[in-house]
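Q: Pasting a predicted model and its sequence here:
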Amino acid sequence: MGVGSERRLIKAVQQALSGGPVPQDALLERLGRAGLRTDSTGLYLACATHGLADLQGDTWVPRGWAAPVAPTRPSEERSTTRHQVPVQSDRDSSANAVSRRAAAQVWRLASSIGIPMVEQPPPMGPVPAGWSKVADHASRALLDELRAVTDKRTLQDVPLSEGTRVAQAGERRLARFEAEGDLGVSEGMQATLIVAKVPFDVEVVSVFGNVVTLSMPPAAPFAREAVLRCDLSWLLSAQSRRLRELVNGGPGFDAAAAMAVVERSREVNAAVALPDVKAKHLNQRQRYAVQLALTPGVTWVWGPPGTGKTTTLATLVAELCERGQRVLLTAPTNAALDVAVQATLKRLPELGRGGLVRLGQPSDPSLIGRKQGPVLIEEVAAERGAPLATSRVEKGKKLRDLRERLNTLKRRHRHLGAEQETSRLDLETKIAECTASVRVLDEALQQVRRKVCEEATVVAATSHQVVLQTLKEITFDVVVLDEASMTTAALAMLVAGAGRGHTIVAGDFRQLPPVVVAETPAAQEWLHRSPFEKAGVDVAVARKQPPGRLAALTEQYRMRESINDVVSTAFYPESPLVTAADLSARSRPSRADWADGELVVLDTSTLAARTARKQGLSSRYNLMHVQLVAALLGATGDDTRNLGVITPFAAQARLLESLLPETDLDEWAASTVHRFQGGERDIVVYDTVDTGLGVKPLHRWFTEGNAGGDGARLLNVAASRARDHLVVVAAVDQLHRRRSSPDAVWKFFAHLLDQATHVPWQQALGFSAVTEQVTSGVLEWLRDDLTRAETVEMWLPRAPLVGLRRLIPQMQRISQQEVKTEPVTLWVEPDPDGFLSAEAMEAKRGGVNIRPCTPILESSAVIGDVVWSSTASLLGPDPGVVLRTEHAAFADAVRRAQRRRSGVAPGSGQLGDECGRCRRTLVRFEVGRRGQPAMGYGCMSCDSSTEEPRRQQRNQSLSASVSRAGRARP
């Protein structure tokens, strides 16, 4: 089935299942009436491969769909079935046998320590008028997001090649693959391996560069080529399913409490009798927030960066516990949750002896095996004498030790010796075996976990865990939702419904919103908005009519005065931030020569750096900006102890991460702004990436800068991570001086430029020799690098490639190696009629692998361990500014970012296909209709299907000419 036919089938199946489950025969009949011919096998492959639906009996049930719970009290029989210990479903009978034995152990364990395996259903909470409509609408929004994620999977799927069997780990098998592109996955992550269009559940054991080791089930066939899919769509399914179950309400769920966090408050000034709180460590506004939050109802705590929101919430939780209240503490990420847990334990240490239970895998290792008392749920259960829980703790410790040993090998970045390769395989095998045991134990301990949670005073869990089995139908007196600005309104309802209406929603609606793909009206209402927006808190604040139950924190303890002034002026005009009086006396533990002021701007306006897309299609990156940051990081010394490098784009974050030293520096980090929300560093380098050159237009993060908009919120988070020094790498002319609207983003840059130390990009190169500007003899430098290299990849925009002829002998030498893939790939942009330059044709005739591609936004080369970039075509008559960086890990990262995938069109390391008529190498197209990224290939001369790409090429050339003419005018 072709790509177009498969997509039409997917759309038709989604439409047919939009109303709920459909019998297989009826679904095939509908597809036939729609003109789509397929059989039950084709239907199964489409639904399973793309995660559309599950076959239950002879009926297809769409992902995220569930029958509503009956409005009457469930029967004992139904309750018994629902709460029995689940047994892992697996095609392998031996794995089922292991699960059955573990389940039997749990039953015996439960009997010995008095845990009932059959629970009595809790009473149903109140169901206000309008709840059914709200729940149904929010559920449909989640299904819209699920469909949108499914549609984008083809861009996220990673083709795998060169598959090899490496070991057997119990019932599991280990296989290694080479990824054609950036994996972007975490070790230990569950994923889907698609072999011949059939999906199998696998686990990512390790990632070394672009080599991934997978733990595969016995039923999965081995293949040399496959596709790896990693997404969290199952969480969307779980949320949608839970909302559909609760359309009429349900046991242990308070629909009135759920609706209260998304309803607009009509109160302006609320007269509430506030309880007394003796907390000398709190300032006046923090104390008021705690007092207000101790009273029933929904309390909104607005905590801008550094204002002590975490301290305030920890004090609140301690006060609630002392008043005998059971608390559910949630946050959208593990990192944010761990910060809240640590702060709570600091305020009330006695909770660390079983009173506070943390679900899931923490990101903070200090929560594991605490000497003061256990908080992780398995450790709490083990301390109470649960044998299986003790085994789970031991397995978890062993798994962490194995991964740490594997990470020690990974820090070498490249070139493991024979002995180290043997150690790597041994560690991977043990990790796979241990992970399989942990998975079985986790399934078997489900009921023990529930009992521990029911008896705890505080249960800490990520927001998503609230809808999963462990916490399902467990009710709390008070619910605290932290970092609520990153939580969708739909999920916030499910979290609040676990309480009785006493809910605290804390966060900052001027920081980053939830990350959502779908753009449907339902998704805009329920997913793009956090509870702050859905309840109208942000609008009320902007109108200077804040809700009566809003507590705004204003005194900040993180940012130096200059950084605070810029952030507050741009993003908090209604509630200005005040720097704490004693902050100026704080020491500066981290220093760097290039961060000699609190605010520094590294201006790349005159550099004309190009912005490109990862693998030509997706996330943006800017090589020259990374090379400048490499020069900065190369100049750091022992005084630079705490540093963060952040950027809006995931592809750029991967490149920046490769620059971090191999030594174990826990206080250094490189990540996206989204992942860094909630974090802080002494020195923060913020790389904006976008320049308006290459990828056009500028991302909306830089063009839509109104207060509360995504651009302002992202810039706010990026800048406010800095404690002592903020360094902004930006093309200021493009991002600021050409803006016409004095919005929040404009105000930020205006105040930044007014107060900052200005560093020209040329000066940045002088801090270290990691990156150098090559001002003369470019071809001689390139030739020297080629004589030492074993691989070459180049990306050359349209130009007469006058420098290529002199490099052909060196490229021919590299091409003649006996290796599995083509060691030389030169991506060359043809002219609008599809012809290559004379120099490219000469190189091709000489055996050099020349690949036509259009458009080419990069102008770069990766030659062995060296990365080159230029503002014009690197081998053209005038390459412009040329930068050279010798850094092995960075070179590997650039290859993964730029490597073109195979599949629809042959990729890097492969010879191109030829036109069957004119024998020209087929051109790879990376732009589709309306200029959006897309991929295909064809002959620009012979193939009629390329008429549209040719027309787009002509339009782009005309637009470029007009643009150049416009810039030439006074």
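A: Sure, I can see it.

Q: burial count for residue 296?
A: Residue 296: 12 surrounding residues under other C-beta atoms under 10 Å. C-betas here are computed from N, CA, C, even on glycine.

Q: and it, what helix or strand is that in?
A: Using DSSP states H and E, residue 296 sits in no helix or strand.

Q: Give me the pLDDT for it.
A: We have a pLDDT of 94 for residue 296.

Q: Once you drop chain neighbours, what's closest to it?
A: residue 502 (4.9 Å; C-beta to C-beta, 6 or more residues apart in numbering).

Q: how close does the one you found get to residue 285?
A: Between residue 502 and residue 285 the distance is 21 Å, computed by C-beta to C-beta, to the nearest Å.

Q: between the two, who's got more neighbours?
A: residue 502 (23 against 19).

Q: got the contact list for that one?
A: 296-297, 325, 477-479 (C-beta atoms under 8 Å, 6 or more residues apart in numbering).

Q: Using ChimeraX, define a selection of the buried residues within those.
A: Here is the ChimeraX command that picks out the buried ones among the contacts of residue 502, judged by 16 or more other C-beta atoms under 10 Å:
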select :297,325,477,478,479
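
Q: Now do the contacts for the most centrally placed residue in the chain.
A: Against the mean C-alpha coordinate of the chain, by C-alpha atoms, centre = their mean, the closest residue is residue 675 at 7.1 Å. Contact partners of residue 675, counting by C-beta under 8 Å, 6+ apart, are residue 653.

Q: 10 Å instead?
A: 333, 335, 646, 650, 653, 669 (C-beta atoms under 10 Å, 6 or more residues apart in numbering).

Q: in what helix or strand does it lie?
A: In this structure, residue 675 sits in helix 673-676 according to DSSP H and E.

Q: buried set for that helix?
A: Quick answer for helix 673-676 (16+ other C-beta under 10 Å): 673-674, 676.

Q: Show the subsequent helix or strand relative to that helix.
A: Following helix 673-676 toward the C-terminus (DSSP H and E): strand 681-687.

Q: could I have stretch 756-768 exported to PDB, CA atoms only?
A: What follows is stretch 756-768, C-alpha atoms only, in PDB (Å, rounded to 0.1, in the frame of the first residue of the first chain):
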ATOM      1  CA  ALA A 756      23.800  44.400  29.100                       C
ATOM      2  CA  THR A 757      27.500  44.000  28.300                       C
ATOM      3  CA  HIS A 758      27.700  43.600  24.500                       C
ATOM      4  CA  VAL A 759      30.100  41.000  23.100                       C
ATOM      5  CA  PRO A 760      30.500  40.800  19.300                       C
ATOM      6  CA  TRP A 761      30.700  37.300  17.900                       C
ATOM      7  CA  GLN A 762      34.300  37.800  16.800                       C
ATOM      8  CA  GLN A 763      35.300  38.500  20.400                       C
ATOM      9  CA  ALA A 764      33.600  35.200  21.500                       C
ATOM     10  CA  LEU A 765      36.000  33.200  19.400                       C
ATOM     11  CA  GLY A 766      38.900  34.700  21.300                       C
ATOM     12  CA  PHE A 767      38.000  33.100  24.600                       C
ATOM     13  CA  SER A 768      39.300  29.700  23.500                       C
END
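
Q: all strands of the stretch 651-800 of the chain, in order?
A: 668-672, 681-687, 722-730, 757-760, 771-773, 792-796 (DSSP state E, counting those that start in this stretch).

Q: Can you give the distance of the first one from its chain's centre?
A: Pointing back at strand 668-672 there. 13 Å (C-alpha atoms, centre = their mean, to the nearest Å).

Q: Tell me which strands that strand pairs with, and in which orientation.
A: Strand pairing for strand 668-672, determined by DSSP bridges: strand 643-647 (parallel).

Q: Keeping just the C-alphas, turn the strand it pairs with into CSV.
A: Included here for strand 643-647 are C-alpha records, laid out as CSV according to Å, rounded to 0.1, in the frame of the first residue of the first chain:
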residue,chain,number,x,y,z
LEU,A,643,26.1,26.3,34.4
GLY,A,644,23.2,25.7,32.1
VAL,A,645,22.9,26.0,28.3
ILE,A,646,19.3,26.2,27.1
THR,A,647,17.5,26.8,23.8
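
Q: So which bits of that strand are buried?
A: So, applying 16+ other C-beta under 10 Å, buried residues of strand 643-647: 643-647.

Q: Now residue 872. Nearest residue, chain neighbours left out?
A: In space, residue 872 is closest to residue 880, 3.9 Å off (C-beta to C-beta, 6+ apart).

Q: Please apply the same query to residue 568.
A: residue 577 (4.0 Å).

Q: Residue 597 now?
A: residue 757 is the one closest to residue 597 (C-beta to C-beta, 6+ apart), at 3.9 Å.

Q: Who is the one you found paired with across the strands?
A: Going by DSSP bridges, residue 757 is paired in beta bridges with residue 600.

Q: mind listing what it touches?
A: 594-602, 725, 727 are the contacts of residue 757 under C-beta under 10 Å, 6+ apart.

Q: quick one: pLDDT of it?
A: Residue-level pLDDT assigned to residue 757 equals 95.

Q: From residue 688, how far off is it?
A: Between residue 757 and residue 688 the computed distance is 17 Å (C-beta to C-beta).

Q: Please apply the same query to residue 500.
A: Using C-beta to C-beta, residue 500 is found at 46 Å from residue 688.

Q: Look at the two and report which has more neighbours.
A: Between residue 500 and residue 688, counting by other C-beta under 10 Å, residue 688 is the more crowded of the two (26 against 18).

Q: mind listing the strands for the stretch 501-650 of the chain?
A: Going by DSSP E, counting those that start in this stretch, the stretch 501-650 of the chain shows strands at 502-507, 550-552, 555-556, 578-579, 599-603, 612-613, 620-621, 643-647.

Q: neighbours around residue 584, how many?
A: By the criterion of other C-beta under 10 Å, residue 584 has 9 neighbours.

Q: List the contacts of it.
A: Applying C-beta under 10 Å, 6+ apart, the residues contacting residue 584 are 560-561.

Q: on that earlier part again, would you mind giving the contacts of residue 502 as JSON lines with distance to residue 204 added?
A: As requested, those are exported to JSON lines (distance: C-beta to C-beta, whole Å):
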{"residue": "296", "distance to residue 204": "45"}
{"residue": "297", "distance to residue 204": "44"}
{"residue": "325", "distance to residue 204": "41"}
{"residue": "477", "distance to residue 204": "40"}
{"residue": "478", "distance to residue 204": "38"}
{"residue": "479", "distance to residue 204": "33"}
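
Q: correct me, but residue 206 touches residue 427?
A: Yes: the criterion here is C-beta atoms under 10 Å, and residue 206 meets it with residue 427 at 7.9 Å.

Q: For those two, list the residues in contact with both.
A: 213, 403, 406-407, 409.

Q: thinking residue 392 is in contact with residue 445, fair?
A: Yes: shown here, residue 392 and residue 445 form a contact pair, counting by C-beta under 10 Å, at 6.3 Å.

Q: What distance do you get for the residue lying closest to residue 850 once chain neighbours are set aside to residue 876?
A: Distance criterion C-beta to C-beta, 6+ apart; nearest residue to residue 850, sequence neighbours excluded, is residue 844 at 4.2 Å. Counting by C-beta to C-beta, the gap from residue 844 to residue 876 is 18 Å.

Q: One more: residue 923?
A: For residue 923, the distance to residue 876 - C-beta to C-beta - is 19 Å.

Q: neighbour-wise, which of those two wins?
A: residue 923 (29 against 21).

Q: Any idea what the more buried one is bridged to?
A: So, taking DSSP bridges as the rule, residue 923 has residue 938 as bridge partners.

Q: Since that was my last question, I'll sign off now.
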